[in-house]
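1. the following block contains a protein sequence and its predicted model.
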Amino acid sequence: MHKIKSAPFIFNGRDLARFLLVQNITRAIVPKRKVQTIDAGARTFARPFGLEPMSIKVTCAVMEETARDVAAARHELAEALYTERPAKLILADDGGTYVNAYYVGGAEPDSLTKYPCVELEFLAPDPIAYGAH
């Protein structure tokens, strides 16, 4: 287990920073808008109505040195990341707020290297950040 002080990375009430060192977070500044187009003869009108789901990608290093420890961390992460419903995702780049998101899946850490990198992808069906005043 690593001793480096890492930034908050909490999903579904579980602190993933005990396994992962966050290196980068990628997300849109503003989620894409849903747009409805209406054909009215010679003119077309566009009207926004809500927001598209937002993808959030978190690049991390699994803070383990041996293949056995990486595998153990992978098993605990799998248990923490799988949810039936969107869960609260708190990341250090946006202090004081959270989004409700699903973990999309598919990250594959290389278990034969020290501190393998993974990219975890989350999908926020409702891309509004909550908790800010």
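-> It's in.
2. which residue sits closest to residue 36, ignoring its sequence neighbours?
-> Distance criterion Cβ to Cβ, 6 or more residues apart in numbering; nearest residue to residue 36, sequence neighbours excluded, is residue 47 at 5.1 Å. No exception for glycine: its C-beta is placed from N, CA and C like everyone else's.
3. that neighbour belongs to a strand?
-> Yes: membership of residue 47 in a strand is supported by DSSP: H, G, I helix; E, B strand; the rest coil.
4. what about it, distance to residue 38?
-> 7 Å (Cβ to Cβ, to the nearest Å).
5. equivalent analysis for residue 16, please.
-> Distance, residue 16 to residue 38, by Cβ to Cβ: 45 Å.
6. before we move on, what about residue 128?
-> Distance, residue 128 to residue 38, by Cβ to Cβ: 26 Å.
7. for this structure, which segments count as strands?
-> Under the criterion DSSP state E, strands of the chain are mapped to 9-11, 14-15, 20-26, 33-40, 43-51, 54-62, 87-91, 98-103, 117-130.
8. rewinding a little: surely the residue nearest to residue 36 meets residue 40?
-> No: in this structure, residue 47 is not within contact of residue 40 by Cβ atoms under 8 Å, at 11.6 Å.
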